[in-house]
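> Here is a sequence with its predicted model. Questions after.
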Amino acid sequence: MKNNIYISNCKSFQNPAIHKSVLKFLIFCCFIISAGKSHGQEPFSAGQSEMEERSLETRTATQEPDFFVSGTSAQWLGFYFGVGFRKVKLEVADAVIISDSDGTANGIGFNLGYFWDEQVVEYERQVSIVEHSESFTYQAESGQKLKVIQNNIWYIQYPKIKRDFYLHYGAGIQFTKTRFAGKESNDSNKDEIALGVEAGASYFLISNLLINYRFSLGRQLPFLSASASSPFLKQSQLHTLYLNYYFPL
């Protein structure tokens, strides 16, 4: 009896309609399984790509400031300019020393420079208005307050110490006009030429803005003067703090 039931079940399984139903069921199962696998892989691939982007961001080096970047000459080309506030010490006439540390009242400094390959050629204009405690005399003129205009041409070296920190040192020539304040005549100006040296340091606040400290010393030399008289401005010492901005080329 059992053998007859088993034979009848086998015959019914061989029915073509049943074959088609079983095949469709298997295809449906395969489709469900493949869809589940692809859905599980999508967040993994998205997460993997996000991790790769973060890894690239962390490995990206921070750029150097554009101003005075060590490297090719193309990175070392541009102009800068700025204004400065000063501490002034002048030796005038017959060993008269005038000092003024009021950086907002004793005049102002201006500089404009061209730089390339850790070298600078700079024009600097210093206008100083200082007052002595007592009146003094120079060539039949007397007064207490002086106005000194210095037009300086510097050649400077700028070695890099750290990422944002630079030293500088150089030499130049100074063209000076000195007179007692209050006398507006051009004849009252004493035109002289002096040799100067400078040194200092620069630090970047941001990539295009830096603070520049300079100490400069100028000394009038007799052989540079066309006049046989004693110099009006014998020596100048200036401590100047510049705020500079630059334009790359």
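Ah, there it is.

> Residue 158 and residue 199 touch, don't they?
No - contact criterion C-beta atoms under 8 Å: residue 158 and residue 199 do not qualify, at 11.5 Å. The C-beta positions use only the backbone N, C-alpha and C, and glycine is treated the same way.

> so what's in contact with these two at the same time?
Common contact partners of residue 158 and residue 199 (C-beta atoms under 8 Å, 6 or more residues apart in numbering): 167, 168.

> who's more crowded, the two?
residue 158 (19 against 14; other C-beta atoms under 10 Å).

> List the contacts of that one.
By C-beta under 8 Å, 6+ apart, the contact set of residue 158 is 68, 115, 118, 119, 120, 166, 167, 168, 202.

> From those, keep the buried residues only.
68, 115, 120, 166, 168, 202 (16 or more other C-beta atoms under 10 Å).

> Check the gap between the fourth one and residue 240 for me.
To tie it back to what came earlier, the one meant is residue 166. Using C-beta to C-beta, to the nearest Å, we find residue 166 at a distance of 16 Å from residue 240.

> helices or strands up against the helix or strand hosting residue 170?
Following DSSP states H and E, one finds residue 170 within strand 165-180. If you count contacts as 3 or more C-beta pairs under 8 Å, 6 or more residues apart in numbering; DSSP states H and E, strand 165-180 packs onto strand 119-138, strand 141-157, strand 190-206, strand 209-220, strand 233-248.

> ok, now with 7 Å
strand 141-157, strand 190-206 (3 or more C-beta pairs under 7 Å, 6 or more residues apart in numbering; DSSP states H and E).
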